[in-house]
Each structure stands twice: as structure tokens, then as C-alpha cells.
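give me coordinates for this.
(chains A and B)
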Amino acid sequence: MMLSFETPFGRPLQWAQVAMVSDPGDSHELNDDRCLVLTSQDLGDSIAPPMDEFMLCLLADGATGSTFGPRPAFEYGGESPKQAGWRASQLAQSAFVERFLDSPEIDIMDRLKDGLRAADRVLADSAEGTLSTTLVALFLSADGTAYAASIGDSVLLVLPPRRSTPGERRLKKLGYEDSTSVGSGETTLQSVDEGDLIEQWWPNKEGGTNTRLSPGTHLVLLSDGISDNLAGETIDQLLRRHPLDRATAALPVRTRARRLQAQKRDGGSTQQLGLDNMSAIVVRFDGFRRPATRHTSPPVDDATLICLQGTHGGPRQDAGGTFGLICMVSHEHDRPRTSALLRYFLESEHVAEIPERLAAGWQRATAQGSPPRLAIVAVDEQGVSHTFTAGGAQVERAS
Amino acid sequence: MSPAPIPSPLADERVVLQLRPGVAVAVRIHARHVQPARETPLHTFLYSPPLWAATLAGIAVFALVSSAFATGALRPAPPPPAAPRAGEPMPTPDGRPILSIGGFVLQPPPQLATVPSPTQDAAPPSAETTASPTPAAQDQAPDDVAVEAPTPLPCRNLFGLGCGVLPPPPPKPVVPRQPLPLPGPSPVPGDDQAPPPDVSGINAGPPRGSNLDAALHMASVADQNFLREVSATPQAASGD
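Next comes the predicted model:
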């Protein structure tokens, strides 16, 4: 099941398409992978590019070796109370989102690094247990500005629309470092070169005048469950021959078929394929086309529309799924403090229901500044919608 | 100001997020099942250039060869000429190169025949053959065979290949032409010994459908009438 977002500005944006998939595989009891896509659309002209319209994609693959201490293991319960990979990926993403949105850095790459450092600190300092994960982050803006940063072996593939030059034919990939992880605390060490720890990418990094993304480029974030089994060429073919959402949904299916073939060839078991968690986020940058009616009428100079969608696992095999949220937030007196709300919303997934999580997140946001005026609609893993409003905002059924 | 959580089953419904009166955005989140993409044989074919390029090339070669056979541009090679018997002259061997494909030779395009002019009409019948026959045909066709100009046939093959290049038709059997019955000359009074008109070349008739015969006949009658009048006039004068 996938969630579709419809807004006056696209699905949820006009200049890019995105799809995600997550499959627990058959060798792990729990799904430790996590996908998250956050889009932000300034409804006025109060925010300068490239932060006025952007997409942030995060994929985390919680380490199987992550374990809870005695107390959190009791709190979360579940079938494998000690396994904490799902929690590591959850905490890392939530800390990253808050730090990225609140970072004072102007340079986008510095914001991404800030987010990775924040995630690393949160896991390293966590009292819940020994937590570590991979994390690959992609920033994409309406004007084609793109940056990516990664710690660990989760992969970012950049598949250009043409393969005419040697530079375009060379595979662009992040995720070669399988000896590093978020939660090791290495980002705080002066002795470790940050350049060796955090892999970075931007368009034409190897050289070239144009540092913007070409329309038609596919950006694929993969956990190692897929990237270890499917070649980049196979993924490229799949994306070129089929619609984005169907191609994305086929990635775990194709991985399973490939593994089955290998097992038959080698005489291995065809019942237990040894498949790791398989997750992917696929983005296609279509290029900026300004719609005829870009803004609300009348224009809103003090509001932002934020969309959040993701997949996650949890402490039980049946836990997790796909969730989504659309938030319209005003920033009349202060920068939007939705970052704290979103962080708590993500961290509290298996603790409470959506309305309580949103209310608690709102309390956190107001504790740090002026109370924002906001209206939220969210869909949980069971497909049930919830709404939340504050500051006099309203949510109504459309006529 | 307290938060107002409103859990409600709004799944798949369009809702309006309103910050204040007049500032609203209609949005919708809906779930959908997506079928994973499957690779069909059609996909494999369409996205494999070596496959469809070879298929296209094969179709093109088949169309070319079949059109060549259908239009007669390629024919079985003629049998070698029989060895001359003793006393017969030795024919000059044809040393021209011949393009042969598995026993089939490529025929040269025939030149289109032209309609014979009246002056050619008087020529011997062997000179009426204007299409250039193949060497083999030249050996076999007798000299007195009249070959008609080939008429264009409708194109019968699918791609129109080879149309307009017509092979020479097979030689027609020799049929002796009957002389056209000419009307006798008008009786000229007092001139019974007038020589009959010369019709020796009448067998070399014009092509079928030509009005040359009628025109010649009319000219002949007019000529004789003129001669008769010229010869009758002095008699009448002397009678006066």
C-alpha cells in the first residue's frame, strides 16, 4: 500500500515524483528499515530559495546489533524485546529532521552534516541501549539544487536521464562505507576526519559548470537488502520502463526473484532466502514548472505547507507500515516551530495514538517559542485519518 | 490556548486546512494499492535494440528478395547453349559478367519501347523490335517476330519494390500477317491499262490500333482520283 498526497501544489510537489517501499524480508524478525520524505512549500515569498520549496529524503537501516537495555526492553515489549534496530533508525531520523529544519547554516550541505551529527549524538548518548544505524539523506529543491550525505552502507544511486558522456555513464553512488555508522559517536571526535566519515554528493561534483540536477534524473535511496542483490543497471532499466510507483514496488519483488534464482542455482533453500529488510525511496526530478495558481488566494506570506510520509517497522513483526501527514503552519511571530512537533511525532510512534502524539508535540513546540497556528491531517498505518488544530486554525471537510 | 485534537475517520476524504478565514488549502491523503511492475515479453522486446533491429533487418531483406522474384527482376539462369554440331558455326561466347544468386540471375531493366513512326513502318519487320532483348532471347527469337511495346502493369507487391522495371515479355509465336483487303481503284474511263497502286509494303503494317492504314488508303484514293481527273481533262477538251 502506498499513500498519495494531493495538494494545490502537486502530489505533494509539482516538480518531482516520489515513491517508497519497505519489505521486512525473511531473515530478520523485525523491520529495522525506515523511509521518510518531508516536503516543504512556502505559501508566500518570505523564505529564500532553495529552502522555499524543497524535499528531504531520509533512509535509515537500523543495525541488527542494536540492543535495548533492560528497562526499554520491558517498556516496548514485543516479540524481540532486545532488538533495537527499529528504534535506532527512528531516533536518528527524528533527530535529523529537527536539526536540519532548525540549523542556522545557510549552506545546504552543512545543514545535512548538522543533521547527521545530531543523529549520531542522540544515538551515542541514548540511555535506552546500544543503538546504531545507517543514514543517507538527500536534499532536493525546486530549482534543481541537490545535495546528499551518508554515513554507513545505505546507498544513494544517481541515475541521469542520458548516458552520452563518460561522466554520465559513470555510476554515482553513496554508501561505500560499511565500517561507519550513526551512533558510533565518531562525528564528535576530533581525531576522525569528517570527510572520511560522511560521504557527500552534489550534481557534477567531479567537475562541471552546472551544479543543478538535470530534469529526468532518478535518485534512488536503498537499504543494503536491495543494493546487495540488485545491480544499478537493473534498477535503472526498471525505472525507465515502468511508472515510478510500480517500479518502486517491484524493487523488493525483483530482489526476491533474483535471490530465489541464486538459491536454485546453488542448490540452497528456496523457502528461506535469507533476505534482509528491503527498503527504497525513489525520486524523479521533473524540473520546475510553475503552476498557473501557485499560491493561495489571497497569497499567504506567513505560512508553510509541510507534508510528511514514511514507512517504519517496530517492536513486533506486524508493527509499522505507511503513514502520512499534511501540516499547514503559520509563522506570524517566529520561525515555524514545527521541527519539535515533527520530532516528537516520529519518536513516539509506538507509545501513543496519533492525536495524543500531535498534542504532545504541540506542547513541545510552544515551550520553545510563540505558539504556532497550525492545522494537521494525518493518516496512520491502518489508514485512519486524524486531524489536529491549534491557534484558531480549522480543519473541515471539503464541500 | 489549548490544542484541539479531533480524531475522525476522514480516510480518503478531501479536507480543507484553514489557518484563518480566507486562508485555506484543500488537501487529501489517500491509500492506494500499487501493483509491482512486471517485465513482459513485450518489454523485453521493445527495450532490446539487438532484438528488434535484427527483426527489422530480416523483414527488409525478405521484402526486397521476395519483391525481386515477384517482379521478375530475378529469374532462373538460362540453360547453357547447346554445343554446336559439326559444320555449324561456333557462336561467340557471351563474356559479360552475370550477377547470379543461387542460380538466379539479375535481369537488366528493359528499355521502354517507342511507338514506331510511319517511316519505320516501311522498314523491314525485323527492324520493328525496339525492346532490347537479353542475349538468350536474341538467340532464340526469330528475326521476323514483332515485339509489341510492354504496357505498364499494376504494382502487385506490398512495398512497390521493383515496379516500373518490367522484364521483357516472352516472344510471341510467329503468325503470318494477312494483307489488308484494299478496295479496288475507281474505274477510270479510257484508262484500263493504268498500273495498280504499289502495295508491296503493306505487310509491314503499323502497330495495332493505328489509323495509318486508313490514312494511306485515303491518300491513295485521292491520288488516283487526281490522276484520273488530270488524264480526263485533255480528252474532254479535245471532244469539244
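
what count of nearby residues applies to A:R256?
17 (other C-beta atoms under 10 Å in any protein chain shown). All C-beta atoms are positioned from the backbone trio N, CA, C, and that covers glycine.

then A:M51?
16.

wait, it touches A:Q41, no?
No: if you go by C-beta atoms under 8 Å, A:M51 and A:Q41 don't touch, sitting 10.8 Å apart.

and the residue of the stretch 51-200 of chain A found nearest chain B, what element?
The nearest approach of the stretch 51-200 of chain A to chain B comes at A:R163, 13.7 Å away (C-beta to the nearest C-beta). For A:R163, there is no host helix or strand (DSSP states H and E).

just the pLDDT at it, thanks.
At A:R163, the model reports a pLDDT of 78.

residues near it, how many?
A:R163 has 12 nearby residues by other C-beta under 10 Å.

surely A:R240 forms part of a helix?
Yes: counting by DSSP: H, G, I helix; E, B strand; the rest coil, A:R240 is found in a helix.

gap between it and A:L156?
18 Å (C-beta to C-beta, to the nearest Å).

okay, now the unreliable bits of the stretch 251-399 of chain A?
Within the stretch 251-399 of chain A, the stretches with pLDDT under 70 are A:289-301, A:332-336, A:368-371.

and the strands in it?
Using DSSP state E, counting those that start in this stretch, the strands of the stretch 251-399 of chain A run over A:278-285, A:303-312, A:321-330, A:374-379, A:385-390, A:394-397.

packing partners for the shortest one?
Going back to what we said before, that points to strand A:394-397. Packing partners of strand A:394-397 (3 or more C-beta pairs under 8 Å, 6 or more residues apart in numbering or on different chains; DSSP states H and E): strand A:374-379, strand A:385-390, strand B:14-20.

pLDDT on the longest strand along chain B, on average?
Across chain B, the longest stretch assigned as strand under DSSP state E is strand B:23-32. In this model, strand B:23-32 has a mean pLDDT of 88.

so what's B:F69 up against?
B:F104 (C-beta atoms under 8 Å, 6 or more residues apart in numbering or on different chains).

and the helices and strands packed on strand A:394-397 as TSV, adding mean neighbour count and distance to B:T40?
Formatted as TSV, those follow (neighbours: other C-beta atoms under 10 Å in any protein chain shown; distance: least, C-beta to C-beta, whole Å):
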stretch	mean neighbour count	distance to B:T40
strand A:374-379	26	33
strand A:385-390	24	37
strand B:14-20	20	36
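
could you dump these into a markdown table and include distance to A:F96?
Below are these laid out as a markdown table (distance: least, C-beta to C-beta, whole Å):
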| stretch | distance to A:F96 |
| --- | --- |
| strand A:374-379 | 20 |
| strand A:385-390 | 23 |
| strand B:14-20 | 26 |
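
which one of the ones you listed lies nearest to A:L174?
strand A:374-379 (30.7 Å; C-beta to C-beta).

ok, residues contacting that closest one?
Applying C-beta under 8 Å, 6+ apart, the contact partners of strand A:374-379 are A:3, A:323-330, A:338, A:341, A:354, A:358, A:362, A:385-391, A:393-395, B:10-11, B:15, B:17-19, B:27, B:29, B:31.

all strands for the stretch 51-200 of chain A, in order.
A:53-62, A:67-68, A:129-130, A:133-141, A:146-151, A:155-159, A:172-174, A:199-201.

re the thing from before, whichever helix or strand comes after the longest strand of chain B packs against which elements?
Of the helices and strands lying after strand B:23-32 in sequence (DSSP H and E), the nearest is helix B:41-46. Judged by 3+ C-beta pairs under 8 Å, 6+ apart, the packing partners of helix B:41-46 are helix B:49-70.

keeping just the C-alphas, turn the helix it packs on into PDB.
Extracted in PDB, the C-alpha atoms of helix B:49-70 (Å, rounded to 0.1, in the frame of the first residue of the first chain):
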ATOM      1  CA  PRO B  49      17.600  -3.000 -29.700                       C
ATOM      2  CA  PRO B  50      19.500  -6.000 -30.900                       C
ATOM      3  CA  LEU B  51      16.300  -8.000 -31.000                       C
ATOM      4  CA  TRP B  52      14.100  -5.600 -32.900                       C
ATOM      5  CA  ALA B  53      16.900  -4.300 -35.100                       C
ATOM      6  CA  ALA B  54      17.600  -7.800 -36.300                       C
ATOM      7  CA  THR B  55      13.900  -8.400 -36.800                       C
ATOM      8  CA  LEU B  56      13.500  -5.200 -38.900                       C
ATOM      9  CA  ALA B  57      16.600  -6.100 -40.900                       C
ATOM     10  CA  GLY B  58      15.200  -9.600 -41.600                       C
ATOM     11  CA  ILE B  59      11.900  -8.200 -42.700                       C
ATOM     12  CA  ALA B  60      13.600  -5.700 -45.000                       C
ATOM     13  CA  VAL B  61      15.700  -8.400 -46.700                       C
ATOM     14  CA  PHE B  62      12.700 -10.700 -47.100                       C
ATOM     15  CA  ALA B  63      10.700  -7.900 -48.700                       C
ATOM     16  CA  LEU B  64      13.500  -7.000 -51.000                       C
ATOM     17  CA  VAL B  65      14.200 -10.500 -52.200                       C
ATOM     18  CA  SER B  66      10.500 -11.500 -52.500                       C
ATOM     19  CA  SER B  67       9.800  -8.400 -54.500                       C
ATOM     20  CA  ALA B  68      12.700  -9.100 -56.800                       C
ATOM     21  CA  PHE B  69      11.300 -12.600 -57.500                       C
ATOM     22  CA  ALA B  70       7.700 -11.300 -57.700                       C
END
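
buried stuff in that helix?
B:67-68, B:70 (16 or more other C-beta atoms under 10 Å in any protein chain shown).

and what of stretch A:220-237?
A:220-227, A:229-230, A:232, A:235-236.

likewise for stretch B:16-33?
For stretch B:16-33, by 16+ other C-beta under 10 Å, it's B:16-19, B:23-30.

ok, and what's touching that stretch?
A:1-8, A:43, A:296, A:298, A:300, A:303, A:305, A:322, A:324, A:326, A:328, A:330, A:373-379, A:383, A:385, A:392-398, B:11-15.

now list the buried members of those.
The buried subset of the contacts of stretch B:16-33 - by 16+ other C-beta under 10 Å - is A:2-5, A:7-8, A:43, A:296, A:300, A:303, A:305, A:322, A:324, A:326, A:328, A:330, A:373-379, A:383, A:385, A:393-395, B:15.

quick one: the biggest helix by length in chain A to strand A:278-285, angle?
Assignment by DSSP state H gives helix A:244-266 as the longest helix of chain A. Interaxial angle, helix A:244-266 versus strand A:278-285 (axes from the mean of the first three to the mean of the last three C-alpha atoms, to 10 degrees): 140 degrees.

any part of helix A:244-266 near chain B?
Yes: using C-beta under 8 Å from any C-beta of the partner chain, helix A:244-266 reaches chain B at A:245-250, A:253.

what's the spacing between that helix and its chain's center?
The chain centre lies 23 Å from the centre of helix A:244-266; the measure is C-alpha atoms, centre = their mean, to the nearest Å.

ramachandran angles for the nearest residue to A:A124 once chain neighbours are set aside?
Distance criterion C-beta to C-beta, 6 or more residues apart in numbering or on different chains; nearest residue to A:A124, sequence neighbours excluded, is A:G185 at 3.6 Å. The phi and psi values for A:G185, taken as degrees, to the nearest 10, are phi 80, psi 10.

quick one, what contacts A:G185?
So A:G185 contacts A:120-121, A:124 (C-beta under 8 Å, 6+ apart).

near chain B, which residues of the stretch 151-300 of chain A show up?
A:237-238, A:240-243, A:245-250, A:253, A:296, A:298, A:300.
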